[in-house]
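> Have a look at this prediction, sequence included:
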Amino acid sequence: MSGVGKGISVSSIGKILQAKGFKVNAVKVDPYLNVDAGTMNPTEHGEVYVLSSGMECDQDMGNYERFMELNLGHDDYITSGMVYKYVIEKERNLGYKGKCVEAIPHITSEITRRIQKAAEMSGSDISIIEIGGTVGDYQNIMFIEAARVLNLKNPDDVIFVMVSYLPVPSTLGEMKTKPTQNAIHMLNSYGVQPDIIIARGAVPLDERRKEKIAISCNVYPENVISAPDIESVYDVPVNFEKDKLGETLLKTLKIKAKTKKDGLTKWKQFITKTKSAKEEVNIAIVGKYFDTGDFVLSDAYISVIESIKYSAYDFGRKPKLTWLNAKDFESGKKDVSELGNYDGIIVPGGFGESGIEGKLKVIKYARENKIPYFGLCYGMQLMVVEYARNVLGLKEANTTEINLTTEHPVIDIMPEQKKNLAEGKYGATMRLGSYPAHLKDGTIAKKAYGKEIISERHRHRYEVNPNYVEELKKGGLIFSGKSPDGVLMEIAELPKKIHPFFLGTQFHPEFQSRPLHPHELFSAFIEAAIEKRGRK
Ligand code: GLN
């Protein structure tokens, strides 16, 4: 079921297997017909996560990469749209040599081919495949059928784990196993028998229900893993291990652990940090993807949020995050002076016109009042617009994303992108994935990274207009990171003596921050925020 925690279950299973000495990879299978997640609205679908290869995918891929410290590739993400598109194009090119092409076996064998290719490319010992959606959906039936065939052909190598939800109806106050039993019956009718059941619920599973699930679902009691709601997703691997999930996985796969050491030691140290931090660092995120209620927000900016947390924990601080809607500053519903209450402000990535003038007001306030400011992609572009307008005096300065005929297009579309937009080609056409940048000596960026050349992930169509770079520099803005040919401005900042931290990146550093390796720039920002807090 969506939202029940399949992604975190996969990430945690991976973490546990890594802790037992195995090399793992993880593949996410999304049943929708979108070819990738790039064109999806973040308010509905959550964050679009970008891999270093440039693949735009589901936010679960971010969880996989963060938990398992993996660098996943194009092969590790599969959608129905991708599979159907490939099979139909192959048919159009006579790739099936005149045969009648059908969902079964052609779609299913394309799915298994992709899963096996992903495993081979990764060189891993164990591959974990997450099938999105719910048992009983029409949408994911091809993937379950493909999994059945994969198991039939490799009976010693494939096991099934089902993540099931056990509701506690408030009128009864008792955990019900019936939906899980019914789900198993349905899975069985597809020819699939789970080996392990992860029983998600508000409370832990008691022995009676464990037995009940085991008997009715045809699994061993020790293969039913209790997975109650817990404070933090990072506790999940350790919690699974309380029910010996690792041992059960290895027993079911008939393999032995490659190490006897507790491979979760560092992970446990990280968890201790998350729980022991007392003093807060108070960060405001000024965004616009609020439209369907606050609970969605954390999904739309999940990588940004997690990155803030990792750096805050690393400094022994408890991150306090506040969502501010840019539109409220635009309309005057909120006054920018309230920003003084925060230790740091982030304007994350975004698209289009809505809330822009509000974000510009926020950036101006942060600059003038020396509040640490970190702009991510759109947040960097708007930082440049604000600087051009209010410091250089180019009152009309704007990005051509908003005003095509602006007198001062300080942010402009990349030439190769103009054609894509004119032809209505939106899918997977942005500047995507990892590109290198060279850092300038004596800057905040260089000091934070401690190296000359970095590689960061991108997702944008617009950039700092090269025609304005000289003027912006003369006006005091430093471009501390540039593409190797010096044409694209990757990082903009103000000198530390002018502002404690006023820095924006054309790339998305949030996609490379990991619990055990917080991102250098997030850490520099949080450090500045902590210093500001000290000054208060
Ligand atoms: N909308 C901007 C662009 O396309 C910024 C994109 C982003 O923030 N990811 O360049």
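Thanks, I have the structure now.
> The stretch 101-250 of the chain: helices as residue ranges?
108-122, 141-153, 178-189, 207-217, 236-242, 245-253 (DSSP state H, counting those that start in this stretch).
> who's in contact with the nearest residue to Lys395 once chain neighbours are set aside?
Take Lys395 and drop its neighbours on the chain: the residue closest to it by C-beta to C-beta, 6 or more residues apart in numbering is Arg389, 5.9 Å away. To be clear about C-beta, it is placed using only N, CA and C from the backbone, and glycine gets the same treatment. Residues touching Arg389, when contacts are defined by C-beta atoms under 8 Å, 6 or more residues apart in numbering, comprise Leu360, Lys395, Glu396, Ala397.
> pLDDT value on Arg389, please?
For Arg389, the pLDDT comes out at 98.
> where's it, which helix or strand?
With secondary structure defined by DSSP states H and E, Arg389 is part of helix 378-390.
> picking up where we left off before, and the residue nearest to Lys395, how far is that from Gly132?
Arg389 is 44 Å from Gly132, where distance means C-beta to C-beta, to the nearest Å.
> same question, Val192
Noted for Val192: a distance of 16 Å to Gly132, by C-beta to C-beta.
> in its sheet, what does the host helix or strand of His438 sit against?
Taking DSSP H and E as the criterion, His438 maps to strand 431-439. For strand 431-439, the paired strands and their directions (DSSP bridges) are strand 453-460 (antiparallel), strand 478-482 (antiparallel).
> What's the first helix or strand after the first one?
Meaning strand 453-460. Reading on from strand 453-460 to the C-terminus, the next helix or strand found by DSSP H and E is strand 462-464.
> Give the buried residues for that next one.
Neighbour-count burial for strand 462-464, counted by 16 or more other C-beta atoms under 10 Å, picks out Tyr462, Glu463, Val464.
> now the residues you listed as JSON lines including distance to the ligand and pLDDT?
Compiled in JSON lines, those are given as follows (distance: C-beta to the nearest ligand atom, whole Å; pLDDT from 0 to 100):
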{"residue": "Tyr462", "distance to the ligand": "3", "pLDDT": "97"}
{"residue": "Glu463", "distance to the ligand": "7", "pLDDT": "97"}
{"residue": "Val464", "distance to the ligand": "10", "pLDDT": "98"}
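> What residues does the protein have near the ligand?
The chain has residues Gly349, Gly350, Phe351, Cys377, Tyr378, Gln381, Glu401, Arg459, His460, Arg461, Tyr462 near the ligand, with proximity defined as C-beta under 6 Å from any ligand atom.
> Tell me the residue of the stretch 101-250 of the chain that sits nearest the ligand?
Using C-beta to the nearest ligand atom, the point where the stretch 101-250 of the chain gets nearest to the ligand is Gly132, with a distance of 24.0 Å.
> ok, and the closest non-adjacent residue to that residue?
When the adjacent residues along the chain are set aside, Gly132 lies closest to Asp30, with 4.7 Å between them (C-beta to C-beta, 6+ apart).
> Dihedrals phi and psi, the one you found?
Dihedral angles phi and psi of Asp30 (degrees, to the nearest 10) take the values phi -110, psi 130.
> Hmm, it is touching Gly46, no?
No. Assessed by C-beta atoms under 8 Å, Asp30 is found out of contact with Gly46, at 11.8 Å.
> rewinding a little: comparing Val192 and Gly132, which residue is more hemmed in?
Between Val192 and Gly132, counted using other C-beta atoms under 10 Å, the more crowded position is Gly132 (21 against 17).
> If anything else comes up later, I'll come back, but that's it for now.
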